[in-house]
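Chemist: I would like to see how this sequence folds:
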Amino acid sequence: SLSGGTTTEGFEDFTGGIAEWYELQKPPPNLFKIIQKALQKGSLLGCSIDITSAAETEAVTSQKLVKGHAYSVTGAEEV
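Modeler: Okay, here's the model as predicted:
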């Protein structure tokens, strides 16, 4: 079983595949298309919000997301 680690490490451990990640503070200009293509191919996608200090552990954002938790990406729509 996995305890801790990153989403990319978990994906690699469970699938034997190669994971890649994108820093959203400096995203590639075609990130949305990358996400759509990955979803169309049946890729596993996840995301999380990094914590910068122990005080942020389990902190909840204004969008009700929990910092430090992993989330599955199951779809992407432009609104």
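Chemist: tell me, what residue is most central in the chain?
Modeler: Central residue of the chain (CA atoms, centre = their mean): C47, 1.5 Å from the mean position.
Chemist: nearest residue to that one other than its sequence neighbours?
Modeler: Y71 (5.3 Å; CB to CB, 6 or more residues apart in numbering). Where C-beta positions appear, they are placed from N, C-alpha and C, glycine not excepted.
Chemist: tell me the contacts of that neighbour?
Modeler: Listed by CB atoms under 8 Å, 6 or more residues apart in numbering, the contact set of Y71 reads 46-48, 65.
Chemist: how about the strands in this protein?
Modeler: Taking DSSP state E as the test, the strands found in the chain are 46-48, 70-72.
Chemist: Tell me the strands beside the last one, with direction?
Modeler: Yep, that's strand 70-72 we're talking about. Strand 70-72 pairs in its sheet with strand 46-48 (antiparallel), by DSSP bridges.
Chemist: any residues touching the partner strand, and which ones?
Modeler: Contacts of strand 46-48 (CB under 8 Å, 6+ apart): 6-8, 10-11, 68-73.
Chemist: export those to TSV and tack on pLDDT and distance to L24?
Modeler: Converted to TSV, the contacts of strand 46-48 look like this (pLDDT from 0 to 100; distance: CB to CB, whole Å):
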residue	pLDDT	distance to L24
T6	85	15
T7	88	13
T8	89	14
G10	89	19
F11	91	18
G68	88	16
H69	89	16
A70	90	15
Y71	94	13
S72	94	16
V73	96	12
